[in-house]
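*Asks:* Next comes the sequence, and after it the predicted model I'd like to discuss.
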Amino acid sequence: MVRISTRLAVFGAACLLAGCSNVSDTLFPSSSAALRARPPVAAAPAPTPQTVQIAQTPNVDQAPLSPAPLPPSSGTYNFQAGQIPPFTNTGTFVGQKVQQLRSELATLQSNINTQNQRLQQVRNQLVAASQRYHATVAAVTTRLQVGTTPGNPVLVNQWNLAQAELDRLAGEINQLNSLANSVANDSAFSAFLLESTRATFGLAGAIDEDHRQLAILEDETNRTVVLIDRLLNELSDDVSRQTAYVGNERSNLTTLSLAIKNGEMFGPSLANRAFTAAQLSAAPQALSAVGSATRGAPVAALGTRRPLVVIRFDRPDVPYQQALYSAVSRAVEQRPTAQFDLVAVAPNRGSPAEVSLAGNRSKQFAEQVLRSLIDMGLPANRVNISSATSGEAFANEVHLYVR
């Protein structure tokens, strides 16, 4: 009786494995060059913790709400030019030249004071816009943290307001760029004015008072040149910091829009997700199950595991979403608590620079696939992400494994 039960159990397990194989072959036929899904091998041993190193993703449902990052601080220097003392016209030719140089320097200093006022005004506008932006994003994030309905129109409206404030911040950066161009023109004129003042010392027909006034003009012009240089440096730093900040916030807003669409908070932008190194090797057991492997076939094994889906990005706009959804949905139906490992695989060929570029590109593809999975409703805390290089790959690939 025990022997009959054992045979029935073995027969049932064989039928179940055959059924899984037929389903996988139907969903992902082997003739597809861009997207291949393979059934799990029954005899493949379970991977040990030493075989695969996967970064553990924190549970976003239990993660505390972290404060939004503040914008980088702008410079605080007040660029106010000094006053030129009045000069007495001596009536000489050099004295007339001194009066002309003094008038030009006064005009230059007036321009600098005007530009300083514009700079302080733009800085105040940057602070106000950033405060409104972060207040709006914080309201959206707080509502998502406690849970809400997918596509909540209130949150959509708040997201639009945050986007408008971010656009306003970008507009203020454009004003800083315009101001920097104007100051650069004044910098060139200040250098010319300083050279003209020094050259005037060599003119004949001057009296002692003319040279005294020229010395004062030279000192004031030198101070103005230094002030303009400091203003240019601070403008350059402000533009660089604020531009990088707005670029990062645009990425975070894109992730926030996806969270609003799904009605739950996923965490920071996927561009900030860290990839850990995954040990990628071609196991003989896995490769033997492929059959006639052709040159350029994707590496099938992560340790001794077989991927659920292999997406090869060997051409633009690979249509992987529908097949990916079918494979993942069937896996979740069979194992509702299944976890997934997403691996960005880059070809290990060419120079070190080419390998590095391929690695970055494969990570971008992995982030794209991860966004698709999240958009399909798979919680982000159920997907671990990593990267690897392979000498068997001839194009950037993304492997999805079931744990």
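*Replies:* Happy to help now that I have it. Numbering: from 1, shown residues only.
*Asks:* If we ignore the residues flanking it in sequence, what's nearest Ser372?
*Replies:* Spatial nearest neighbour of Ser372, chain neighbours left out: Gln321 (5.6 Å); criterion: Cβ to Cβ, 6 or more residues apart in numbering. Heads up, the C-betas are built off the backbone N, CA and C, glycines and all.
*Asks:* and the one you found, what pLDDT?
*Replies:* What the model reports as pLDDT for Gln321 is 83.
*Asks:* again with Ala63
*Replies:* On pLDDT, Ala63 comes in at 34.
*Asks:* that older thread, how near is the residue nearest to Ser372 to Leu400?
*Replies:* Distance check for Gln321 against Leu400: by Cβ to Cβ, to the nearest Å, it reads 13 Å.
*Asks:* Pick out whichever of the two has more residues nearby.
*Replies:* The neighbour count for Gln321 versus Leu400, taken as other Cβ atoms under 10 Å, is higher for Leu400 (23 against 15).
*Asks:* mind checking the SS state of the more buried one?
*Replies:* Secondary structure, DSSP: H, G, I helix; E, B strand; the rest coil: Leu400 is strand.
*Asks:* Quick check: nearest residue in space to it, chain neighbours excluded?
*Replies:* Nearest residue to Leu400 in three dimensions, chain neighbours excluded: Val309, at 4.4 Å (Cβ to Cβ, 6+ apart).
*Asks:* C-terminal to the lowest-mean-pLDDT helix or strand in the chain, what's the next element?
*Replies:* Least confident helix or strand, the chain: helix 284-288 with a mean of 30, by mean pLDDT, DSSP states H and E. Past helix 284-288, further along toward the C-terminus, the next helix or strand under DSSP states H and E is strand 309-313.
*Asks:* Helix or strand next in line after that following strand, which one?
*Replies:* Taking DSSP H and E, what comes next after strand 309-313 is helix 321-334.
*Asks:* What angle do strand 309-313 and that following helix make with each other?
*Replies:* Counting by axes from the mean of the first three to the mean of the last three Cα atoms, to 10 degrees, helix 321-334 points 160 degrees away from the direction of strand 309-313.
*Asks:* Can I get helix 321-334 in CSV, CA atoms only?
*Replies:* Extracted C-alpha coordinates of helix 321-334, given in CSV (Å, rounded to 0.1, in the frame of the first residue of the first chain):
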residue,chain,number,x,y,z
GLN,A,321,5.3,44.5,-21.2
GLN,A,322,2.5,42.0,-22.2
ALA,A,323,4.7,38.9,-22.0
LEU,A,324,6.2,40.1,-18.7
TYR,A,325,2.8,40.7,-17.2
SER,A,326,1.6,37.2,-18.3
ALA,A,327,4.6,35.5,-16.8
VAL,A,328,4.5,37.4,-13.5
SER,A,329,0.8,37.0,-13.1
ARG,A,330,1.0,33.3,-13.6
ALA,A,331,3.8,33.1,-11.1
VAL,A,332,1.9,35.1,-8.5
GLU,A,333,-1.2,32.9,-9.1
GLN,A,334,0.8,29.8,-8.3
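*Asks:* could you say what helices and strands the helix or strand just after it packs with?
*Replies:* Scanning forward in sequence from helix 321-334 by DSSP H and E, the next helix or strand is strand 340-347. Other helices and strands packing on strand 340-347, by 3 or more Cβ pairs under 8 Å, 6 or more residues apart in numbering; DSSP states H and E, are helix 352-375, strand 383-390, strand 396-402.
*Asks:* how big is the angle separating the second one from strand 340-347?
*Replies:* In other words, strand 383-390. 20 degrees.
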